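S.K.: let's see this in three dimensions:
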Amino acid sequence: MTPKISARANIKLRSLLGGVLFGSTIMLSAIHHATAQPLKTNPPPTATTASTSSPFELVLIDSASEKQLGGFPLDRVLIAKAITVLKEAGARGVVLKFFYDQPGTSAESDKELADAIGSIKTLLQARMDEAELTANPLPARFMAGMVIGDFKNSLTGTSGWIPLAPFAAAAFDIGFVDTASPDSVPIIESYQNKPVKSLTLATLEMATGKQAKIDSGTRVTLGEKSLTLTDDNQVPLKLTSIVLPDYMPFTTLVDHKTDKALLQEKFRDKVVVIAYDGEKMHFLTTRVGTVKAHRLFYLGLLDVYRQWSLMK
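M.R.: Predicted coordinates:
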C-alpha cells in the first residue's frame, strides 16, 4: 500500500517540483547534491539597481531567506506581502514560480494571497501530471489564442496541477512549466486537447505587451518579430553560461527597512519573477552545466527574450 502523504508535506513537494522533465518524477530524495558543480552567480547584494537591458527582475527565496523565515514553503501571507511591495514599487507584473493547486495552512492566508494576486498582473504556473485524479478545472480564458495548425505534437496531458479556483480567478494568466529537455523551452503545450501557453510565453507576453501568434511547428510571433519553433513547439536555448544575474533576496524585498526609493528604482515597470533557490531545490543538467531548476527557468526566459529581441 502506498503511504498517504500529509497535506502539508504534499504542499511542500508540489512547491519544489517546478520545471520537472515531462513524463518524469523528481523525488526529494533524488536531489542533486555532492556531484553538482558549484553554483555560479553574481553575489546577491542587499539591494541592486535596475537593469536597463532586460524587462525582468528576479527575487529568490535563497538559502539565507529560507533559514531566516523558518523554512520552505513560506506562509502564503509572506508571498502576499511580497506581491504588495512590488505593486507599491511600480512593477509591471509578478510571476510566481510555485504551485497553488492545493489549500494552504489556513483559509485566511489563502484569501490574503488571492487578494494580492488580483491587485497586480500576476502569472501562476501549472503542470501536467496524469497521476493527478482530482485536477482543478482550467478556466477557458487561459487557453492559448491565435494558434494556427495542428498543435498535437506539443507536450500533451489530460490532468495536472492547476491553481485553485480563487487563485485562478485572481490571476492575470496561467502558464505551464513542463519541459522535454533542459536545453529547450516549450512555447505552447496541449492540455485536454486544447492549446495552452507555457509560463515562459505568458511572461514574454506580459513583458512585451504583445499577444503571441503561433504557427504550430513553425514560428511564434510577438509584434513584428518571430522565433522559429521546433516541430513540438519549443525554442532551443542558446545558453553559453549558467551564471545568474544579480537578484534580490526575498528577505530584503519584504523587509520594511529596505529603502522604498531603491525598490522603485529596481522594480518599476519590470516583470518580477519570485522563485525558490534554497537547499531543497533540485538540479537539472544542461549542455553548459548543472543548475537549479528555478534558476534555469529564469536563464531560459532571458535567453528566449534575447533571441526574440535580436530578430529583425
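S.K.: test my guess that residue 217 contacts residue 188.
M.R.: No: checked against Cβ atoms under 8 Å, the pair residue 217 and residue 188 is beyond contact range at 10.4 Å. From N, CA and C alone the C-beta is placed, and that goes for glycine too.
S.K.: which neighbours do the two have in common?
M.R.: Counting by Cβ atoms under 8 Å, 6 or more residues apart in numbering, the common neighbours of residue 217 and residue 188 are residue 233.
S.K.: who has more neighbours, those two?
M.R.: Neighbour count, other Cβ atoms under 10 Å: between residue 217 and residue 188, residue 188 has more, with 26 against 18.
S.K.: report the contact partners of the more buried one.
M.R.: Applying Cβ under 8 Å, 6+ apart to residue 188 gives the contacts 144, 147, 151, 154, 195-198, 201, 214, 216, 233.
S.K.: which strand residues bridge it?
M.R.: With DSSP bridges as the criterion, residue 188 is bridged to residue 197.
S.K.: and the pLDDT for it?
M.R.: In the predicted model, residue 188 carries a pLDDT score of 98.
S.K.: from residue 312, how far off is it?
M.R.: Using Cβ to Cβ, to the nearest Å, one gets 24 Å for the distance from residue 188 to residue 312.
S.K.: any idea how many residues pack against the residue lying closest to residue 186 once chain neighbours are set aside?
M.R.: In this structure, residue 186 finds its nearest non-sequential neighbour in residue 198, 4.5 Å apart by Cβ to Cβ, 6 or more residues apart in numbering. Residue 198 has 26 neighbouring residues, counting by other Cβ under 10 Å.
S.K.: closest to residue 207 out of the contacts of residue 188?
M.R.: residue 201 (10.7 Å; Cβ to Cβ).
S.K.: can you say which helix or strand has the closest one in it?
M.R.: Using DSSP states H and E, residue 201 sits within helix 199-208.
S.K.: so what's the closest residue to residue 203 other than its chain neighbours up against?
M.R.: Closest residue in space to residue 203, ignoring its immediate chain neighbours: residue 95 at 5.4 Å, by Cβ to Cβ, 6+ apart. Residue 95 makes contact with 122-123, 199, 203, 206, 271-274, according to Cβ under 8 Å, 6+ apart.
S.K.: number of residues surrounding the residue lying closest to residue 225 once chain neighbours are set aside?
M.R.: Distances taken as Cβ to Cβ, 6+ apart place residue 311 nearest to residue 225, at 4.2 Å, with adjacent residues excluded. The number of residues packed near residue 311 is 12, by other Cβ under 10 Å.
S.K.: ok, residue 311 touching residue 223?
M.R.: No: counting by Cβ under 8 Å, residue 311 stays clear of residue 223, with 10.0 Å between them.
S.K.: so how far is residue 61 from the residue sitting nearest the centre point of the chain?
M.R.: The structure's the chain has its C-alpha centroid closest to residue 97; by Cα atoms, centre = their mean the separation is 3.6 Å. Here residue 97 is placed at a distance of 9 Å from residue 61 (Cβ to Cβ).
S.K.: which neighbours do the two have in common?
M.R.: Common neighbours of residue 97 and residue 61 (criterion: Cβ under 8 Å, 6+ apart): 274-276.
S.K.: for the closest residue to residue 234 other than its chain neighbours, grab phi and psi.
M.R.: Using Cβ to Cβ, 6+ apart and skipping residues adjacent in sequence, the residue nearest residue 234 is residue 184, 4.3 Å away. Backbone torsions of residue 184, given as degrees, to the nearest 10, read phi -150, psi 160.
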